[in-house]
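Undergrad: Coordinates only, no sequence provided:
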């Protein structure tokens, strides 16, 4: 693998794919990873994923050995993917408590991201996954996930301006802040505090406050960058993370289609 690829993964982090995750993993583990700012995707087609992994060559793939295809076929699938993209790392979930199966994946196939028996305490499984991702430095130097709303995604902003509000569209958003284009390009000074900003993210309406960090001009538009203040509470940031994950998941689904 090239130094450039390694450097890029170190900067932006690695993607984490869950192949055919059971409901327990979707309910108890994946949401926690989202809240920890990991870039997580659910995949339900193992035939399409290898093509995507050629683009994201240092991804982590957690496989549910109990779904999608027989366990023996999973072993072959992993071998094929590893040969084509040797930087991809694997972990596995299964309800099979066989010591022989565990030994095969850990000692023979040498999965680097863990072997987890689903019959065990799911909270411990979640802690194990988090620890593995930390050890593997999956986030890289990236601290926060950011998403740019798609054209067909409803993501708008209303900001107090004078005695009224000015409307606009979001360009991107993270739990740190957002950028937007406001209708009619109003002049809002740098460092100005806006206490009653309304964000509409699909069906969610969030009220936040932020400070104007700066602005830049792109063609006819002025793009404003706002940073959230400490008064934006944990529940709002949690909902923003869920929105970001849903947006990124939708983009990945389209990429694999």
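TA: Great, that's in hand. Because the structure is a prediction, the values reported are computed rather than measured.

Undergrad: Residues touching the strand or helix carrying residue 171, excluding its own?
TA: Here residue 171, judged by DSSP states H and E, is contained in strand 164-173. For strand 164-173, contacts defined as C-beta atoms under 8 Å, 6 or more residues apart in numbering pick out 146-149, 155-159, 178-184, 186, 198-199, 201, 223, 240, 243-244. No exception for glycine: its C-beta is placed from N, CA and C like everyone else's.

Undergrad: what's the distance between the nearest residue to residue 209 once chain neighbours are set aside and residue 208?
TA: Sequence neighbours aside, residue 195 is the residue nearest to residue 209 in space, at 4.6 Å (criterion: C-beta to C-beta, 6 or more residues apart in numbering). As judged by C-beta to C-beta, to the nearest Å, residue 195 and residue 208 stand 9 Å apart.

Undergrad: Correct me if wrong: residue 226 contacts residue 212.
TA: Yes - using C-beta atoms under 8 Å, residue 226 is in contact with residue 212, at 6.1 Å.

Undergrad: between those two, who's got more neighbours?
TA: Set residue 226 next to residue 212 and count neighbours by other C-beta atoms under 10 Å: residue 226 wins out with 26 against 17.

Undergrad: What's the local residue count around residue 234?
TA: Counted by other C-beta under 10 Å, the residues lying close to residue 234 total 9.

Undergrad: show me where the stretch 1-150 of the chain has strands.
TA: Shown for the stretch 1-150 of the chain, the strands assigned by DSSP state E, counting those that start in this stretch span residues 16-19, 40-43, 60-64, 89-94, 115-117.

Undergrad: what would these look like in TSV with distance to residue 165?
TA: Output for these, formatted as TSV (distance: least, C-beta to C-beta, whole Å):
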stretch	distance to residue 165
strand 16-19	39
strand 40-43	35
strand 60-64	43
strand 89-94	47
strand 115-117	49
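
Undergrad: Using a markdown table, lay out these together with mean pLDDT and distance to residue 142.
TA: What follows is the strands of the stretch 1-150 of the chain, written out as a markdown table (pLDDT from 0 to 100; distance: least, C-beta to C-beta, whole Å):
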| stretch | mean pLDDT | distance to residue 142 |
| --- | --- | --- |
| strand 16-19 | 98 | 13 |
| strand 40-43 | 98 | 14 |
| strand 60-64 | 97 | 15 |
| strand 89-94 | 95 | 18 |
| strand 115-117 | 89 | 25 |
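
Undergrad: Among those strands, which comes closest to residue 248?
TA: strand 40-43 (7.3 Å; C-beta to C-beta).

Undergrad: which strands and helices sit next to the closest one?
TA: Judged by 3 or more C-beta pairs under 8 Å, 6 or more residues apart in numbering; DSSP states H and E, the packing partners of strand 40-43 are strand 16-19, helix 30-35, helix 234-256.

Undergrad: Kindly compare burial across these and name the winner.
TA: Counting by mean count of other C-beta atoms under 10 Å, strand 16-19 has the highest mean neighbour count of those, with a mean of 23.

Undergrad: okay but residue 215 is in contact with residue 221, surely?
TA: No - shown here, residue 215 and residue 221 do not form a contact pair, counting by C-beta under 8 Å, at 10.1 Å.
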